[in-house]
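Asker: Build me a structure from this.
(chains A and B)
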Amino acid sequence: MPEPARAGDLLATTLAALGVLADLGETIEDEWTYVTKLTEMGRARLHAAVPDPGALVPAEIASAIDTLADEAGRITDPHRAIDWLSTLPAIAELALGGGTAGVPPNQPAGGA
Amino acid sequence: MRFQDAARDARAVVYAGIQADPLVARLAALAADATYAQRLMARAVMNGESTGPETWRRIFPTVFVAGAPDLERAEALLAASLEVAERGEQVRSQFRGAFVESLAQVLVARRAGAAAVRRERRVLFDGVASEIHPYDLTVEKAGREEAWDCKWGARGINADVLNQLDDARRHASGEEHALRVGLIVFDVRTSCAVRLSQQTAPRQGTAVVTLETLDALAGRKPGPG
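Answerer: Numbers count the residues shown, from 1 in each chain, chains lettered A, B, ... in the order given. Model (predicted):
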């Protein structure tokens, strides 16, 4: 079981997994533009989910991100990789709290 | 404007067997009342490599943590999704497509009434050659007709389907009918937006329902989480 981790480290792990999927997806030439744009949007979504890269996040979130990256790394089919490019940022965002990862508990995550 | 059953070719007969599989109906019933997070989990599992439930429970801690909302449904949805994941790639793909259609049928029926919702139907217009591909789902209620195409992922969005939907809408309008047309995509909004941004086919009159907005099909607002 992983220990609490820095939000920025988990972001790096997720971005790396996204990069691997993008490399695989780009091998489908007809989908190059789609894959490139999807990856760009995914990166932006992940960065937005981690407002404070230096903050500590709980062990279960670290475990979720590590396991998610492992699962993405198991994908070998480029078509399935493109499907995963679509899904991975949303899953990571969910685990990271949709922009609340690293926000101290005494600080509102957003909204009025 | 009138609706008609599609002629069944060999592919349609094989696919009908998939559509009738009890697993498809079970998945659709579970997903119909699921949260966004639970539906995202189902998509990931059905598109994933791992078939061990513990992997997915770790990846979705907010869905499976003790005390999470509707944990029993989440576990049942996970089990059913894994049954799809355990099939071979081609069968898995067919199950996923049939699942989205079945889910759409359940949700739309809650708004339009089950009797009005039909599957695999053509829409015919006077003086217009009928389309080759039937619509996955139609609502056949006088004055409130609808035609939907269902997709597992945003990659299914292409010029052919956008043109077919828009043509139907325009032809209906030409006969002074308001036909609501749209795509139901079991994928996230951002991916659909990226896909649509690449298309030059007309889409202004076509509704796009995504993983985040599926509940709108039933006439209700998206639920939390």
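Asker: Heading C-terminal from the helix ranked longest in chain B, find the next helix or strand.
Answerer: Counting by DSSP state H, the longest helix found in chain B is helix B:89-112. Once helix B:89-112 ends, the next helix or strand along the chain (criterion: DSSP states H and E) is strand B:117-124.
Asker: Show me what that following strand packs onto, helices and strands only.
Answerer: In terms of contacts (3 or more C-beta pairs under 8 Å, 6 or more residues apart in numbering or on different chains; DSSP states H and E), strand B:117-124 is packed against strand B:2-5, helix B:89-112, strand B:135-139, helix B:159-174. (C-beta placed from N, C-alpha, C; glycine too.)
Asker: Each with direction, which strands does that strand pair with?
Answerer: Its sheet considered, strand B:117-124 pairs with strand B:2-5 (antiparallel), strand B:135-139 (antiparallel) by DSSP bridges.
Asker: that older thread, now the helices and strands packed on strand B:117-124 in TSV, with mean pLDDT?
Answerer: Shown next, in TSV, are the helices and strands packed on strand B:117-124 (pLDDT from 0 to 100):
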stretch	mean pLDDT
strand B:2-5	90
helix B:89-112	95
strand B:135-139	96
helix B:159-174	95
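Asker: Now stretch B:207-223: buried residues?
Answerer: Buried residues in stretch B:207-223, defined by neighbour count with 16 or more other C-beta atoms under 10 Å in any protein chain shown: B:207, B:208, B:209, B:210, B:211, B:212, B:213, B:214, B:215, B:217, B:218.
Asker: is it possible to export those to JSON lines including secondary structure and distance to residue B:8?
Answerer: Below are the buried residues of stretch B:207-223 laid out as JSON lines (DSSP: H, G, I helix; E, B strand; the rest coil; distance: C-beta to C-beta, whole Å):
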{"residue": "B:207", "secondary structure": "strand", "distance to residue B:8": "28"}
{"residue": "B:208", "secondary structure": "strand", "distance to residue B:8": "29"}
{"residue": "B:209", "secondary structure": "strand", "distance to residue B:8": "27"}
{"residue": "B:210", "secondary structure": "coil", "distance to residue B:8": "30"}
{"residue": "B:211", "secondary structure": "coil", "distance to residue B:8": "30"}
{"residue": "B:212", "secondary structure": "coil", "distance to residue B:8": "34"}
{"residue": "B:213", "secondary structure": "coil", "distance to residue B:8": "32"}
{"residue": "B:214", "secondary structure": "helix", "distance to residue B:8": "28"}
{"residue": "B:215", "secondary structure": "helix", "distance to residue B:8": "32"}
{"residue": "B:217", "secondary structure": "helix", "distance to residue B:8": "26"}
{"residue": "B:218", "secondary structure": "helix", "distance to residue B:8": "29"}
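Asker: Get me the contact residues on chain A for chain B.
Answerer: Residues of chain A found near chain B (C-beta under 8 Å from any C-beta of the partner chain) are A:31, A:33-34, A:37-38, A:41-42, A:45, A:60-61, A:63-64, A:67-68, A:71, A:74-75, A:77, A:80, A:82-84, A:86-87, A:89-91, A:94-95.
Asker: Pretty sure residue B:42 sits against residue B:76.
Answerer: No. Contact criterion C-beta atoms under 8 Å: residue B:42 and residue B:76 do not qualify, at 10.5 Å.
Asker: Report the angle between the helix or strand of chain B with the lowest mean pLDDT and helix B:89-112.
Answerer: Counting by mean pLDDT, DSSP states H and E, chain B has its least confident helix or strand at helix B:10-19, which shows a mean of 81. For helix B:10-19 against helix B:89-112, the angle by axes from the mean of the first three to the mean of the last three C-alpha atoms, to 10 degrees is 70 degrees.
Asker: Mind listing what's buried along helix B:10-19?
Answerer: Judged by neighbour count using 16+ other C-beta under 10 Å, the buried positions of helix B:10-19 are B:15, B:18, B:19.
Asker: quick revisit: return the most buried member of the helices and strands packed on strand B:117-124.
Answerer: Neighbour counts (mean count of other C-beta atoms under 10 Å in any protein chain shown) averaged over each of the helices and strands packed on strand B:117-124 peak at strand B:135-139, with a mean of 23.
Asker: for residue A:31, what are its contacts?
Answerer: A:25, A:82, B:155 (C-beta atoms under 8 Å, 6 or more residues apart in numbering or on different chains).
Asker: Using CSV, lay out the residues you listed together with pLDDT and secondary structure.
Answerer: Output for these, formatted as CSV (pLDDT from 0 to 100; DSSP: H, G, I helix; E, B strand; the rest coil):
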residue, pLDDT, secondary structure
A:25, 97, helix
A:82, 96, helix
B:155, 95, helix
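Asker: surely residue B:34 meets residue B:75?
Answerer: No. Counting by C-beta under 8 Å, residue B:34 sits too far from residue B:75 to count as a contact (11.7 Å).
Asker: Which one's more surrounded, these two?
Answerer: residue B:34 (23 against 15; other C-beta atoms under 10 Å in any protein chain shown).
Asker: just the strands in chain A please.
Answerer: A:5-6, A:56-57 (DSSP state E).
Asker: and residue 56, how many neighbours?
Answerer: I'll assume chain A. Using other C-beta under 10 Å, residue A:56 is surrounded by 16 other residues.
Asker: actually it's chain B I care about, not the one you picked
Answerer: Counted with other C-beta under 10 Å, the neighbours of residue B:56 add up to 25.
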